[in-house]
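Trainee: sequence first, predicted coordinates after that:
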Amino acid sequence: MSALIRGTATVAALAAATGAGIWAGQTDLLKLPLTPAAVITEARAEEPRPVIYYRDPDGKPLYSPTPKTTDDGRPYIAVHVGEDETSSSPTAKPETKPVDSGGTRKIKFYRNPMGLPDTSPTPKKDSMGMDYIPVYEGEDSDDDSIKVSPGKIQRTGVETIAVTRRPLVRTIQAPGVVRLDEQRIAVLAPRFDGYVVSVGPVTTGTHVMKGDVLAKVFGQEVLNQAARLLIEQTWTKIDEASELPGLKGPAGVVGATRRLQNLGVPEEFMDEVKRERSVPDTFTYRSPIDGYVLERNWSDGQGFKAGDVGFRIADVSVVWMMADVAEGDINGVKPGEPVTVTTRARPGRIFKGKVTVIYPQLNKETRTIPVRIELPNSDLALLPDMYGDVDISTGNATMLTVPSSAVIDSGNRQVVLVDLGNGRYEPREVKLGRRGDGYIEIMSGVAEGDRVVSNGNFLIDAESNLQSALKGFETRQTTEASQ
């Protein structure tokens, strides 16, 4: 009986203790120890997820592997594991194949983030702590196309452009020097002996207009022919007044007039002799053109011989630019092609002209060919012997072209990446033709309307090389396993 009472008391005490414990636990008066499973769950919940990279807070395609701030001081936003479609979860179980957020694609394996031919069936990190990148089913196709995730395409700024026909213009650059137009130079050189009575108000560098006085000269031979002109004119009038047959009309003065013309005597001098019926001692030389005096070799009282140059005058309203075009570029230059010229003396100003002559000679020291360019110079901004930079626009034929940045040139072969849609790109070998300013002629390999990658093709090219390496790596693993 006493044993039964003691057992009953023990059970009651245990029940009371249990109830008190539950009440104490519910009222936080007693902290119960956590089970091992609960400890693991709480540790995992509080464990921070690793940061993959940092992105621009405004959503721009700007990224950084380390913390960074914008120009106005705002911090970049951290992207953790699980927030980026190309990152793998460090908590994935090795014995199962994870699926993506949609639950439709399975991860086949994980590849090295640096592009090395190293794969893993489970999530892992490389020697630098970077997560391996998951490869989903369907991304490693057996054809020659390359699959790139939309996230990578957006972050790296991949751009495509349609293959179209456009005029292919190539600009040839060459140095040049301003020269005088040889057809616009006038030389004053008498054809008789004489001396200078006086020189007009002109000096070297003076701008003169047509008809301005240059000098007054005396020449005995000119006076002799002027006197003969007066005599012949007098006899001609007598013959015209008489009834006797003889020299009539203007035929009688042809001899003296022709001799004065051959001596280079101005027409106004001969008209003055006929009008005044007298022979003046001197006559005046006037400027034959508008231009600048390049040479003045006469002074008051100076004598001269036939052929001596008294003045040299140049019209600089039109000048030449003599450009030295490289031997390899001369085939594209044709007369009449437009040209733009810039000079160091006139910064910011562009002069326009055209090619007029390609000289049939080669400078063997510089391996260049002279090309003459005609430039209007109405405001006299271009002066002789000025240096200039010449841009010759050659070619304007319409042809099938792609941007130069779209071509991946390995030396032995040239390839473009054709956009197949849905993140797939196909490398195609092309045959190139002529090159222009930013564009290249495509002779074969793509058709008009195809879209090719013009920016960011380095990423897709790297993906292609990586996929080829991974396929080769898997093939070797399969061969070794079968052996």
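Mentor: The structure has been received and is ready for your questions. Numbering: from 1, shown residues only.
Trainee: where does the stretch 251-400 of the chain have low pLDDT?
Mentor: Residue ranges of the stretch 251-400 of the chain with pLDDT under 70: 251-254.
Trainee: in it, which spans are strands?
Mentor: 283-286, 291-296, 303-304, 311-314, 318-326, 338-343, 351-358, 368-376, 387-394, 398-403 (DSSP state E, counting those that start in this stretch).
Trainee: right, and those strands - which one's nearest I52?
Mentor: Nearest to I52 among the strands of the stretch 251-400 of the chain is strand 398-403 (32.5 Å), distances taken as C-beta to C-beta. (Each C-beta comes from the backbone N, C-alpha and C, glycine too.)
Trainee: would TSV of the strands of the stretch 251-400 of the chain with mean neighbour count and distance to G200 be doable?
Mentor: Below are the strands of the stretch 251-400 of the chain laid out as TSV (neighbours: other C-beta atoms under 10 Å; distance: least, C-beta to C-beta, whole Å):
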stretch	mean neighbour count	distance to G200
strand 283-286	20	8
strand 291-296	18	10
strand 303-304	15	16
strand 311-314	22	10
strand 318-326	21	26
strand 338-343	19	33
strand 351-358	16	33
strand 368-376	20	29
strand 387-394	18	34
strand 398-403	18	59
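Trainee: and of these, who's closest to R170?
Mentor: Nearest of the strands of the stretch 251-400 of the chain (C-beta to C-beta): strand 387-394, 5.2 Å.
Trainee: who are the packing partners of the closest one?
Mentor: The elements that strand 387-394 packs onto, with contact taken as 3 or more C-beta pairs under 8 Å, 6 or more residues apart in numbering; DSSP states H and E, are strand 170-180, strand 318-326, strand 338-343.
Trainee: between those strands, which gets nearest to A406?
Mentor: Across these, closest to A406 is strand 170-180 (C-beta to C-beta), at 17.5 Å.
Trainee: can you list the helices and strands that the closest one packs against?
Mentor: Using 3+ C-beta pairs under 8 Å, 6+ apart, the elements in contact with strand 170-180 are strand 318-326, strand 368-376, strand 387-394.
Trainee: residues in contact with the last one?
Mentor: With C-beta atoms under 8 Å, 6 or more residues apart in numbering as the contact definition, strand 387-394 has outside contacts at 169-178, 321, 323, 325, 332-334, 337-344, 351, 355, 371, 373, 382.
Trainee: now the helices and strands packed on strand 170-180 in JSON lines, with distance to R434?
Mentor: Formatted as JSON lines, the helices and strands packed on strand 170-180 follow (distance: least, C-beta to C-beta, whole Å):
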{"stretch": "strand 318-326", "distance to R434": "16"}
{"stretch": "strand 368-376", "distance to R434": "20"}
{"stretch": "strand 387-394", "distance to R434": "10"}
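Trainee: and V316, how far from L180?
Mentor: According to C-beta to C-beta, to the nearest Å, V316 and L180 sit 7 Å apart.
Trainee: shared neighbours, the two?
Mentor: Shared contacts of V316 and L180 (C-beta under 8 Å, 6+ apart): P384.
Trainee: distance to P75 added to the helices and strands packed on strand 387-394, as JSON lines?
Mentor: JSON lines is the format used below for the helices and strands packed on strand 387-394 (distance: least, C-beta to C-beta, whole Å):
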{"stretch": "strand 170-180", "distance to P75": "45"}
{"stretch": "strand 318-326", "distance to P75": "53"}
{"stretch": "strand 338-343", "distance to P75": "46"}
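Trainee: now the helices: where do they sit in the stretch 151-300 of the chain?
Mentor: Assigned helices in the stretch 151-300 of the chain, in chain order: 220-241, 254-262, 267-276 (criterion: DSSP state H, counting those that start in this stretch).
Trainee: quick one: closest of those to G303.
Mentor: Evaluated with C-beta to C-beta, the helices of the stretch 151-300 of the chain place helix 220-241 nearest to G303, the distance being 11.9 Å.
Trainee: from what I can see N363 touches P370, true?
Mentor: Yes. Counting by C-beta atoms under 8 Å, P370 is a contact partner of N363 at 7.5 Å.
Trainee: intersection of neighbour lists for these two?
Mentor: Common neighbours of N363 and P370 (criterion: C-beta under 8 Å, 6+ apart): D324.
Trainee: circling back: so can I have JSON lines of the helices of the stretch 151-300 of the chain showing mean neighbour count and distance to Y292?
Mentor: JSON lines is the format used below for these (neighbours: other C-beta under 10 Å; distance: least, C-beta to C-beta, whole Å):
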{"stretch": "helix 220-241", "mean neighbour count": "16", "distance to Y292": "28"}
{"stretch": "helix 254-262", "mean neighbour count": "15", "distance to Y292": "28"}
{"stretch": "helix 267-276", "mean neighbour count": "14", "distance to Y292": "24"}
